[in-house]
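A.B. asks: what's the 3D shape of this:
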Amino acid sequence: MKVLVALILLAQLPIHQAVPAAPPPPPLGCDDPEAEAAAALAVNYINDHSHHGYKFALNRIENVRVLPQGPNNQVLFLELDLLETKCHILNPIPLENCTVRSFEEHAVEGDCDVKLQNLDGKLSVVASKCHSHADSAEDVIRVCPDCPLLETLNNTEVLTGVAAALNEHNGKTAGAYLKLLEIGRARIQYHPVHLVFVEFAVAATNCSAEEGKNNVDACQLLPEDESNFGFCTATIATQPTLDAQVDCQLYGHQPGVTYSQPGQDTSAGLLPNVQGFTNHNLRLSHNNPVASESSSSEFPSPAIAAKSVAKRAAVEAAQHDKAVRPVGFAPPPPPCPGRIHYFKI
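C.D. replies: All right, here's what the predicted structure looks like:
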């Protein structure tokens, strides 16, 4: 009888079954909407904090890592490939309306590591590290043997050409006298005609063009609350005589938009950190002191990341070989790297 009562009592006790742990979320792919949104925010952040050169556009997401930090809190690490556009950083045109430079124009690529936080669904950039470089001359020549290549920004012909182009504009305009801020890029064509192609940023002064011709030293850039920046492109023929064809555009005053002046005399319009270089380096032009000082050490080590990726790939390959696949089965594509938006350098 006692045994029967014990069995009845046991039957009435709640049955606790082990609840299987929830499977980990699938890895975030480089082409997933979440990754694309984070990359877009990162690119805009980089452009907003760059002070020289051109805006960059996303070309490819190379890798994305997500590290949970607690409830509704994640940290994302992105590796991004960017391409230089034709919009100077002072140009108010939105990035989506800026044209990416073609491969034949001797493209410049940017490589960026960006750390973001996703807290309660709100993304914010914590830190970023970037550098940029021009494509190799050999790659350009292989595709386009006659295309002019990028020249160093302090090349004598380039400096002479920019001065001639700016004098040509100031000599013909009825507007404000323009001063050079910086040379953006330059290329030289040697055959069949010797031509210098230059692009440079300018700013309006408090002088008219006529006043500037008579006393250029008296002309000063407009104060910050009246500043008017612009951009010029020019083609200069040096033989048989110097002849400059120039087109300059002023953007009008843009509240909050400033130009970072160098800390030393650069009357030639060259920054101290671009002497001898062909392009403005994102590593030099972009800096976020607060984020970089506090968070630079928190970026995943490239060596560790490479080893973990290689190890994970080996394990996945082994599992793939052991698995029995039905006829016609195609494994899903790898989550990274993502698609190329423009072209690969």
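A.B. asks: give the buried residues for stretch 45-54.
C.D. replies: Within stretch 45-54, the residues that qualify as buried are 45-47, 49-54, counting by 16 or more other C-beta atoms under 10 Å. In this view, the C-beta of every residue, glycine as well, is placed from N, C-alpha and C.
A.B. asks: go on, stretch 230-244?
C.D. replies: In stretch 230-244, counting by 16+ other C-beta under 10 Å, buried: 230-238, 244.
A.B. asks: which two in these are spaced the farthest apart?
C.D. replies: The distance between the two most remote of these (C-beta to C-beta) is 24.8 Å, for Gly230 and Thr238.
A.B. asks: minimum pLDDT in the buried residues of stretch 230-244, which residue is that?
C.D. replies: Lowest pLDDT among those: Thr238, with 81.
A.B. asks: and stretch 36-45, C-alpha only, in PDB?
C.D. replies: Taking Å, rounded to 0.1, in the frame of the first residue of the first chain, the C-alpha atoms of stretch 36-45 are listed here in PDB:
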ATOM      1  CA  GLU A  36      25.500  47.300 -45.200                       C
ATOM      2  CA  ALA A  37      23.800  49.700 -42.800                       C
ATOM      3  CA  ALA A  38      26.800  49.600 -40.400                       C
ATOM      4  CA  ALA A  39      29.200  50.100 -43.300                       C
ATOM      5  CA  ALA A  40      27.200  53.100 -44.700                       C
ATOM      6  CA  LEU A  41      27.300  54.800 -41.200                       C
ATOM      7  CA  ALA A  42      31.000  54.100 -41.000                       C
ATOM      8  CA  VAL A  43      31.800  55.500 -44.400                       C
ATOM      9  CA  ASN A  44      29.900  58.700 -43.700                       C
ATOM     10  CA  TYR A  45      31.700  59.000 -40.400                       C
END
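A.B. asks: show me the contacts for Val108.
C.D. replies: 54, 83-84, 101, 132-135, 279 (C-beta atoms under 8 Å, 6 or more residues apart in numbering).
A.B. asks: what of Gln189?
C.D. replies: 148, 195-197.
A.B. asks: can you pull the contacts of the residue lying closest to Val108 once chain neighbours are set aside?
C.D. replies: Nearest non-adjacent residue to Val108, counting by C-beta to C-beta, 6 or more residues apart in numbering: Glu84, 3.9 Å away. Taking C-beta under 8 Å, 6+ apart as the criterion, Glu84 is in contact with 53-56, 100-101, 107-110, 132, 279.
A.B. asks: what of Leu78?
C.D. replies: Applying C-beta under 8 Å, 6+ apart, the residues near Leu78 are 35, 38-39, 42, 61, 63-64, 112-116.
A.B. asks: the residue nearest to Gly252 when sequence neighbours are not counted: what's it in contact with?
C.D. replies: Of all residues not flanking Gly252 in the chain, Asn228 sits nearest, at 6.2 Å (C-beta to C-beta, 6+ apart). Shown in contact with Asn228 (C-beta under 8 Å, 6+ apart): 176, 203-204, 222, 250-253.
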